[in-house]
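Enquirer: Kindly generate the corresponding structure for this input.
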Amino acid sequence: MKPIIHPADYYRRLLGLQSHALKRLDESVAIVKLNRDQQVPEEDGTAGRWYYVIAGAVRRATIRPDGRRQILDLMLVRDFFFVGDSETEEPIEAITEETVLAGYSAARLENLCERDRQFARELREITFQSLERSRRQLIVLGGVTTADKVSAFLLLLEKRYGDQRGDIRLPITRYDLAEYLAVSVETVCRAFSDLQQRGIISLIGIRTVRITDRGALEHQIGRKYPNAVSDTIAA
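Expert: Numbers count the residues shown, from 1 in each chain. Okay, here's the model as predicted:
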């Protein structure tokens, strides 16, 4: 089924409903729509551009020596990220078919910062948010087993996007998650099955996960498994 691509005005209204650090510039923002695997545009000869994820997800990735892709940074809805014109940086690409971004000129932001101290604090806030995202991702990747990593990823999503029932709509596929965790997709699927069999999560369809035992999921992150199935799911 093809995704529904809404007009730019729809995403402007959606952006208006979301709280973020650059809120007062929403009226002049550039709306950028991307298909899966399409690169986020760079602007040669400029100071670059800050982007805010309105819908979908994007990745910064590299190709490993064995030919597999490794996702180095994963940006989800309500994340900010910066794109310059450096040839040494890995490209940033859309990871879902309906990926929509709000683009802010970095040159304009810098000019505003020189005249407005409050705005300078807001720009520092989105920089700190980028650093915090890196910290959260290190926690996810620091798991001993793939089940640990998947558990940390689900808890991160639940904190940001989960509903009152503990249901989480996965923003990326299991193939994408495997590239993020640097394991095979079969290993990721076994980790999900392991958590489900132990009654920690329930799988509702292909992309929705319900946390049924949050305490066990939290305990999973730092737990050792000398006699459990999860030891066979190590990265």
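Enquirer: Return the distance of I221 relative to L72.
Expert: When C-beta to C-beta, to the nearest Å is the yardstick, I221 and L72 sit 22 Å from each other. Yep, even glycine has a C-beta here, placed from its N, CA and C like the rest.
Enquirer: is it true that T212 touches D167?
Expert: No - proximity of T212 to D167 does not meet the contact threshold set by C-beta atoms under 8 Å, at 10.5 Å.
Enquirer: E97 belongs to a helix?
Expert: No - E97 sits outside any helix when classified using DSSP: H, G, I helix; E, B strand; the rest coil, being coil.
Enquirer: Show me where this structure has its strands.
Expert: Using DSSP state E, the strands of the chain run over 30-34, 49-55, 58-63, 69-75, 80-83, 92-94, 99-105, 167-169, 201-204, 208-211.
Enquirer: Now render these as JSON lines, adding mean neighbour count, mean pLDDT and distance to L112.
Expert: Shown next, in JSON lines, are the strands of the chain (neighbours: other C-beta atoms under 10 Å; pLDDT from 0 to 100; distance: least, C-beta to C-beta, whole Å):
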{"stretch": "strand 30-34", "mean neighbour count": "18", "mean pLDDT": "93", "distance to L112": "16"}
{"stretch": "strand 49-55", "mean neighbour count": "22", "mean pLDDT": "93", "distance to L112": "12"}
{"stretch": "strand 58-63", "mean neighbour count": "18", "mean pLDDT": "91", "distance to L112": "25"}
{"stretch": "strand 69-75", "mean neighbour count": "19", "mean pLDDT": "90", "distance to L112": "23"}
{"stretch": "strand 80-83", "mean neighbour count": "20", "mean pLDDT": "91", "distance to L112": "16"}
{"stretch": "strand 92-94", "mean neighbour count": "21", "mean pLDDT": "94", "distance to L112": "24"}
{"stretch": "strand 99-105", "mean neighbour count": "22", "mean pLDDT": "92", "distance to L112": "10"}
{"stretch": "strand 167-169", "mean neighbour count": "17", "mean pLDDT": "89", "distance to L112": "35"}
{"stretch": "strand 201-204", "mean neighbour count": "16", "mean pLDDT": "92", "distance to L112": "45"}
{"stretch": "strand 208-211", "mean neighbour count": "18", "mean pLDDT": "92", "distance to L112": "41"}
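Enquirer: any chance of those strands in TSV, with distance to T187 too?
Expert: Formatted as TSV, the entries for the strands of the chain read as follows, by distance: least, C-beta to C-beta, whole Å:
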stretch	distance to T187
strand 30-34	29
strand 49-55	27
strand 58-63	18
strand 69-75	15
strand 80-83	28
strand 92-94	23
strand 99-105	26
strand 167-169	20
strand 201-204	16
strand 208-211	17
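Enquirer: Between these, which one is closest to L138.
Expert: Distances from L138 to each of the strands of the chain were compared by C-beta to C-beta, and the smallest falls on strand 69-75, at 11.2 Å.
Enquirer: ok, and what's touching the closest one?
Expert: 53, 57-64, 81, 90, 92, 95, 133-134, 137, 172, 176, 179-180, 182 (C-beta atoms under 8 Å, 6 or more residues apart in numbering).
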